[in-house]
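In: Okay, predicted coordinates and the sequence, questions at the end:
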Amino acid sequence: MSNDNSPTPFDPMAAPRYSELATFFRAPLAQSAKGIDIAVIGVPYDGSVTNRPGARHGPREIRNMSSMMRSIHHSTRRNPYEICTVADLGDVRFSEVFNVGTVITEIESFYSEIVRCGAVPLTAGGDHSITYPIFKALAVDGPIGMIQIDAHTDTWDSFQGSKFSHGAPFRRSVEDGLLDPEKTIQIGIRGAQNTTEGWDYSIDSGMRVVFMDELCEAGVDKIIGEARRIVGDGPTYISFDIDGLDPAFAPGTGTPEIGGISTLDALKLIRGLNGLNLVGADVVEVSPPFDPTGVTALTGATFMYEILCLLAEAVARGR
């Protein structure tokens, strides 16, 4: 029950940021994607991690921290909520969270309904395995391209007998014809491995792999140009693994790798992708239990807002 007797409709954006129910960016909570341009979703699942768990708590804490996001972008002076209809569709609900096959099916089903309604999905994970079933829903008309910011290629084959770990989503996606490797760029890759399998698969399949050494030497502007060249004007997905950042900026993640991207360079990189044909995006691997300060969740929320601005422009251009 509201205690507001004013005839003016309640505006959650104008309310104190610590008040009301926590939704992504204080956007309205919706039961369906019908009539929605951009659907923001949480996928609280980390059953496929190979190291530290906790990303299942990512969506809730990113929601909390997203209340810190305001509406008008300081650089562009654009308000994504004036350009598009944005709503929080809640979380994917799981009936058998310990059954990987069922989890994949339920994520795909949830996103297939969003696609049928014509909405563009923006997701908070969850571990990186969730992107594979999202692609199963999005790539119904053919493979899509991807710009991936990450410390790892996530193109390994199997781990402990499972082909669906968070280190394998993009190998599975290529195998299933969901992801076009020649329209894929992986940025920020680094860290020692016990096998070169993932790096080799990415390169041999045609993906453009930008190791951290190259990013440092070439600079962000050149890599932005390379990303835009590779994906062209085809349908493109942005997948932002928070461990692409240096753990000095985002310690709350399952597989941290030092020597990563700074938040300032990552912001520049994301903003340089404006104008692309974007069909969806995610921010994954935020593990709040490993960061009691909350800065990793705040960082995740901030990058979701930055990507939201890109998606809003893409939707507006497509009308």
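Out: Sure thing, it's come through.
In: Go through the helix or strand containing residue 133 and flag the buried ones.
Out: For residue 133, the host element (DSSP states H and E) is helix 131-138. The neighbour-count check on helix 131-138 (16 or more other Cβ atoms under 10 Å) flags 131, 132, 133, 134, 135, 136, 137, 138 as buried. Any C-beta I mention is one placed from the backbone N, CA and C, and that applies to glycine too.
In: by contact count, what packs against that helix?
Out: Packing partners of helix 131-138 (3 or more Cβ pairs under 8 Å, 6 or more residues apart in numbering; DSSP states H and E): helix 100-116, strand 120-125, helix 169-175, strand 236-241, strand 278-284.
In: Any stretches of the protein with poor pLDDT?
Out: The chain contains residues with pLDDT under 70 at 1-7, 319.
In: Which residue ranges of it form strands?
Out: With strands called from DSSP state E, the chain shows them at 38-43, 86-91, 120-125, 144-149, 179-189, 208-211, 236-241, 278-284.
In: okay, these in a markdown table with mean neighbour count next?
Out: Supplementary listing: the strands of the chain in a markdown table, determined by neighbours: other Cβ atoms under 10 Å:
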| stretch | mean neighbour count |
| --- | --- |
| strand 38-43 | 27 |
| strand 86-91 | 22 |
| strand 120-125 | 27 |
| strand 144-149 | 26 |
| strand 179-189 | 24 |
| strand 208-211 | 18 |
| strand 236-241 | 26 |
| strand 278-284 | 27 |
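In: Tabulate those strands in TSV, adding columns for distance to residue 108.
Out: Shown next, in TSV, are those (distance: least, Cβ to Cβ, whole Å):
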stretch	distance to residue 108
strand 38-43	11
strand 86-91	15
strand 120-125	12
strand 144-149	15
strand 179-189	15
strand 208-211	27
strand 236-241	15
strand 278-284	13
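In: Distance of the residue most central in space within the chain relative to residue 156?
Out: Nearest residue to the geometric centre of the chain (Cα atoms, centre = their mean): residue 282, 1.4 Å. Residue 282 is 19 Å from residue 156, where distance means Cβ to Cβ, to the nearest Å.
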